[in-house]
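Enquirer: Would you be able to build a 3D model of this:
(2 chains)
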There are 2 protein chains.
Amino acid sequence: MFEPSLYGGIEAGGTKFVCAVAAGPENIAGEARFGTQAPEDTLQQASNFFLPYVQSKQIRRIGLGSFGPVDLEPGSPTYGYITSTPKVEWQNTDIAGILRERLGLPVVMDTDVNAAALGEHIWGASRGVDPSLYLTVGTGIGGGLVKDGRPYHGLLSPEMGHLRIPHNRTADPFPGACPYHGDCLEGLAAGPAIEKRMGRRGETLAADDPFWGLEAEYLAHGLTNCILTLSPGIVILGGGVMRNMILLQNIRMKVQESLNGYVKHGRIMERIEEYIVPPMLGERSGVLGAIALAMAEDGELR
Amino acid sequence: MFEPSLYGGIEAGGTKFVCAVAAGPENIAGEARFGTQAPEDTLQQASNFFLPYVQSKQIRRIGLGSFGPVDLEPGSPTYGYITSTPKVEWQNTDIAGILRERLGLPVVMDTDVNAAALGEHIWGASRGVDPSLYLTVGTGIGGGLVKDGRPYHGLLSPEMGHLRIPHNRTADPFPGACPYHGDCLEGLAAGPAIEKRMGRRGETLAADDPFWGLEAEYLAHGLTNCILTLSPGIVILGGGVMRNMILLQNIRMKVQESLNGYVKHGRIMERIEEYIVPPMLGERSGVLGAIALAMAEDGELR
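Expert: Residues are numbered from 1 along each chain as shown, chains lettered A, B, ... in the order given. Here you go, the predicted structure:
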């Protein structure tokens, strides 16, 4: 007989699920990725991946970082549910409850971006820096903050993707693509906004296409607002759109210009390349963050 | 012989100082207000107010909420200094150190807005709500957040006054008055911006002057951005400009419009008049917050 020493992690994304059994990035026993379909099918697929590890008693607990909006209010009757998502099939899905029941293990849940922020904070680019911000720019834009070693929560979870920023209408008559706010940050700068504006997907544009100057301007405005409110010690920029390194460099420059010396700290004024950085865990920030959520619950991260 | 049971509180503002000896809002032994002059004179005046209480051993500790920027980085050689303020005489003033030396008492320091946020959280409008945000709109715009019962700090203190927001150039060709950022929130909506744009001070405009619609629009954008990043459980709007109750009502409406049902919580969607509220301690949020800073240090607020 031995005690289970591993954890199950799930990054439940709107387009794909990543599952892993691990106790850190150096210690991954198994991993699976699959597209997000209807909840019944996808949660079955996730359960099937974990079940052999569960049956051989290798897993202590499941960590779940989920797309949302999710209900994380303790005591709420729909705690652990995905609530009013635009993905109709997933509306009002008790994702944490279903997994708990299928696997017979406790499930610790947070948002996908909070999980990624925690993963990078424990093992990645923001290791040891507190508070640290993780922002993802892909199909949507979202942000998670780790403060005092834990994911930050308020009345609800922050929704940094929907910040109101100056819209450069002279250079960019595009009205914005957010169904709620039109030209909020996500409406101007997420993947679907790029595709709608340019008539083709962002990844098919040259890395130095002039469009990226506009994209950098909007993302720099959004980042500036996050820095002015949350004052993170480091900012990680992840997500598909951020794979363009010229864009990253351009954002750094524009954030410095935008703050214009007002936030006086060497990391911002002189070493911005250490302040705004890519993720270190690559495609695994989210799933390793989910593992970290589960380990933290057991006091394994102290 | 008796133990000192009171605390000294100082709200060090850019235009006035408020000093009090107290142990809460119901228990104020003495109070003084005076205009902010050169540091030497003003700190002498503050010391003179406290000295009788110090000599009779009534004060245990001094709390200080200061205008800034201030250096609050533990271990910094200029910890407790007012640093790069536009008020030239006050640049590089060791305000905490001078008071400590003059009064022979320990000094606990934070920003003026963090102190006000804490004062309202302990005794005022945001009592028991966590996280709670205090935003002041006056000569400048600044915000403080109380999270887990303590003022929030990051790499530095947040600088919410300088958020980048959409500038309504059609209705408002005014270029903005912030020396750092032009048309940031403070540059568009603080007292000096109103005066420069309208040719007269805001308090001389009728409470229903059409200008206030524009002011509400900008403040609602700023507030929306604070809500999307910090997710406060309540927002207190203080400062001279906010004495106009029609403006407050207009801001509530525009924040709801701006979030457009995206942040799904009853406090925002149905009970916004309980969510965006005026301060309850009135002109004393700051100085009582400074008292709270000192009491917290002694474990007197648990």
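
Enquirer: just checking, what packs against the one helix or strand in chain A whose mean pLDDT sits lowest?
Expert: None of the helices or strands of chain A scores lower by mean pLDDT, DSSP states H and E than helix A:266-269, at a mean of 93. The helices and strands touching helix A:266-269, judged by 3 or more C-beta pairs under 8 Å, 6 or more residues apart in numbering or on different chains; DSSP states H and E, are helix A:245-259, helix A:272-275. C-beta: built from backbone N, CA, C; applies to glycine.

Enquirer: what's the most buried one of the ones you listed?
Expert: Looking across those with neighbours counted as mean count of other C-beta atoms under 10 Å in any protein chain shown, the highest average goes to helix A:245-259: a mean of 19.

Enquirer: What sits closest to residue A:267 if chain neighbours are left out?
Expert: Nearest residue to residue A:267, sequence neighbours excluded (C-beta to C-beta, 6 or more residues apart in numbering or on different chains): residue A:275, at 4.4 Å.

Enquirer: How about the contacts made by the one you found?
Expert: The contact partners of residue A:275, by C-beta atoms under 8 Å, 6 or more residues apart in numbering or on different chains, come to A:234-235, A:252, A:267-268.

Enquirer: now, among the residues you listed, which is nearest to chain B?
Expert: residue A:267 (6.8 Å; C-beta to the nearest C-beta).

Enquirer: any idea how far residue A:159 is from residue A:196?
Expert: According to C-beta to C-beta, to the nearest Å, residue A:196 and residue A:159 sit 21 Å apart.

Enquirer: pretty sure residue A:11 is in a strand, no?
Expert: Yes - inclusion of residue A:11 in a strand is indicated when DSSP: H, G, I helix; E, B strand; the rest coil is applied.

Enquirer: residues in contact with it?
Expert: Contacts for residue A:11 were tallied using C-beta under 8 Å, 6+ apart; they are A:17-19, A:65, A:112, A:115-116, A:286-287, A:289-290.

Enquirer: From those residues, which land in strands?
Expert: Among those, the members falling in strands (DSSP state E) are A:17-19, A:65.

Enquirer: List just the nearest of the residues you listed to chain B.
Expert: Distance to chain B across those (C-beta to the nearest C-beta) is lowest for residue A:65, with 17.6 Å.

Enquirer: Please name the nearest non-neighbouring residue to the closest one.
Expert: In space, residue A:65 comes closest to residue A:115 once its chain neighbours are excluded; the distance is 2.6 Å by C-beta to C-beta, 6+ apart.

Enquirer: so that neighbour makes contact with residue A:293?
Expert: Yes - in terms of C-beta atoms under 8 Å, residue A:115 counts as a neighbour of residue A:293; the distance is 5.9 Å.

Enquirer: Overlap of the contact sets of those two?
Expert: Between them, residue A:115 and residue A:293 share these contacting residues under C-beta under 8 Å, 6+ apart: A:63-65, A:151.

Enquirer: Dump the residues you listed to a markdown table, plus pLDDT, neighbour count and distance to residue B:39.
Expert: Converted to a markdown table, those look like this (pLDDT from 0 to 100; neighbours: other C-beta atoms under 10 Å in any protein chain shown; distance: C-beta to C-beta, whole Å):
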| residue | pLDDT | neighbour count | distance to residue B:39 |
| --- | --- | --- | --- |
| A:63 | 98 | 29 | 52 |
| A:64 | 98 | 26 | 54 |
| A:65 | 98 | 35 | 50 |
| A:151 | 97 | 25 | 42 |
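
Enquirer: before we move on, the earlier item: most neighbours among the contacts of residue A:275, which one?
Expert: Each of the contacts of residue A:275 was scored by neighbour count (other C-beta atoms under 10 Å in any protein chain shown); the top score is that of residue A:235, with 26 neighbours.

Enquirer: Doesn't that one lie inside a strand?
Expert: Yes - the assignment for residue A:235, made by three-state DSSP, places it in a strand.

Enquirer: need the contact list for it.
Expert: Listed by C-beta under 8 Å, 6+ apart, the contact partners of residue A:235 are A:132-135, A:223, A:226-227, A:275-277.

Enquirer: same thing but 7 Å
Expert: A:133, A:135, A:223, A:275-276 (C-beta atoms under 7 Å, 6 or more residues apart in numbering or on different chains).

Enquirer: Check residue A:202 too.
Expert: When contacts are counted by C-beta under 7 Å, 6+ apart, residue A:202 is found next to A:191, A:194-195, A:241.

Enquirer: can you do 6 Å?
Expert: A:191, A:194, A:241 (C-beta atoms under 6 Å, 6 or more residues apart in numbering or on different chains).

Enquirer: So which of those belong to helices?
Expert: Secondary-structure check on these using DSSP state H: residues within helices are A:191, A:194.

Enquirer: Report the buried members of the contacts of residue A:202.
Expert: Buried subset of the contacts of residue A:202 (neighbour count, 16 or more other C-beta atoms under 10 Å in any protein chain shown): A:191, A:194, A:241.

Enquirer: how far away is the second one from chain B?
Expert: So that's residue A:194. 20 Å (C-beta to the nearest C-beta, to the nearest Å).

Enquirer: mind checking the backbone torsions on residue A:178?
Expert: Backbone torsions of residue A:178, given as degrees, to the nearest 10, read phi -80, psi 130.

Enquirer: what is it paired to in the beta sheet?
Expert: residue A:182 (DSSP bridges).

Enquirer: my guess is it meets residue A:187, correct?
Expert: Yes - contact status for residue A:178 versus residue A:187: in contact at 3.1 Å, counting by C-beta atoms under 6 Å.

Enquirer: Look at the two and report which has more neighbours.
Expert: Between residue A:178 and residue A:187, counted using other C-beta under 10 Å, residue A:187 has the larger neighbour count: 26 against 22.

Enquirer: The more buried one: what secondary structure?
Expert: Recorded secondary structure, residue A:187: helix (three-state DSSP).

Enquirer: need the contact list for it.
Expert: Residue A:187 sits next to A:176-178, A:181, A:193 when contact means C-beta under 6 Å, 6+ apart.

Enquirer: What about those residues, which one has the most neighbours?
Expert: The most crowded member of the contacts of residue A:187 is residue A:193, carrying 25 neighbours; neighbours defined as other C-beta under 10 Å.

Enquirer: dump the residue contacts of that residue.
Expert: Counting by C-beta under 6 Å, 6+ apart, residue A:193 touches A:177, A:187.

Enquirer: ditto for residue A:35
Expert: Listed by C-beta under 6 Å, 6+ apart, the contact set of residue A:35 reads residue A:16.

Enquirer: what pairs with it across the strands?
Expert: residue A:16.

Enquirer: any idea of the pLDDT on the most centrally placed residue in chain A?
Expert: What sits nearest the mean C-alpha location of chain A, by C-alpha atoms, centre = their mean, is residue A:113, with 2.6 Å. Per-residue confidence at residue A:113 stands at 97 (pLDDT).

Enquirer: ok, now residue A:38?
Expert: Per-residue pLDDT puts residue A:38 at 97.

Enquirer: and it, backbone torsions?
Expert: Note on residue A:38: its backbone torsions stand at phi -60, psi 150 [degrees, to the nearest 10].

Enquirer: go on, residue A:92?
Expert: Dihedral angles of residue A:92 (phi, psi; degrees, to the nearest 10) stand at phi 60, psi 40.

Enquirer: What residues does it make contact with?
Expert: Residues in contact with residue A:92, defined by C-beta under 6 Å, 6+ apart, are absent; none qualify.

Enquirer: what separates residue A:88 from chain B, distance-wise?
Expert: Between residue A:88 and chain B the distance, using C-beta to the nearest C-beta, works out to 16 Å.
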